[in-house]
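Trainee: Generate a structure from the sequence data that follows.
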Amino acid sequence: MSVKLKVKNTFFQILNMLPEKVGYPIYHKVQKWFDSNSIYYKINSSHNSFLTFERLAKESNFSLLGKSVIEIGSGWLPLMPYFFKYMGKASTVETFDFNYHDNNKNITNLNK
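Mentor: Predicted coordinates:
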């Protein structure tokens, strides 16, 4: 694990120990502060992840076509459900995250 990832994980573990009213707003501020990538960058990055998934699925003789998919860990901008549904042709996609972190502004821009 990289030093950067260790520092990030430690920081978020400390935030988890704080009362929710304190830790949760700090978490969101920090994530927003570090989130400087454009929506186009995020779409491209998620698209590349989907293409990797698609390649691995094909190697395993698996298809999303008509399947129901559960996606866990949606994050701030849940892009993978779009790729599963519209590129993978899944019949339904349910997406979950343990915390409500999606950004309504980003999702609205994405839908446009």
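
Trainee: Determine the number of other residues adjacent to the closest residue to K42 other than its chain neighbours.
Mentor: In space, K42 comes closest to L77 once its chain neighbours are excluded; the distance is 5.6 Å by Cβ to Cβ, 6 or more residues apart in numbering. To be clear about C-beta, it is placed using only N, CA and C from the backbone, and glycine gets the same treatment. The number of residues packed around L77, counting by other Cβ atoms under 10 Å, is 20.

Trainee: One more: T95?
Mentor: Counted with other Cβ under 10 Å, T95 comes out at 18.

Trainee: Wait, a strand at L64?
Mentor: No - assigned with DSSP: H, G, I helix; E, B strand; the rest coil, L64 falls outside any strand and is coil.

Trainee: My guess is it contacts F83. True?
Mentor: No - counting by Cβ atoms under 8 Å, L64 does not reach F83; the two are 9.4 Å apart.

Trainee: just to revisit the earlier point, tell me the SS of the residue nearest to K42?
Mentor: Look at L77: counting by three-state DSSP, its state is coil.

Trainee: same check, this time on L15
Mentor: Under the three-state scheme (three-state DSSP), L15 adopts helix.

Trainee: Look up how far S2 lies from it.
Mentor: With distances taken as Cβ to Cβ, to the nearest Å, L15 is found 20 Å from S2.

Trainee: same check, this time on E20
Mentor: E20 is 29 Å from S2, by Cβ to Cβ.

Trainee: Between the two, point out the one with more neighbours.
Mentor: E20 (10 against 7).

Trainee: If I look at that one, what pLDDT would I see?
Mentor: Looking at E20, its pLDDT reads 80.

Trainee: quick one, what contacts it?
Mentor: For E20, the contact set (Cβ atoms under 8 Å, 6 or more residues apart in numbering) is empty.

Trainee: List the buried residues in the host helix or strand of L5.
Mentor: Per DSSP states H and E, L5 falls inside helix 3-17. Within helix 3-17, the residues scored as buried using 16 or more other Cβ atoms under 10 Å are L15.

Trainee: any idea how far it is from the chain center?
Mentor: Centroid separation for helix 3-17 versus its chain: 18 Å, with Cα atoms, centre = their mean, to the nearest Å.
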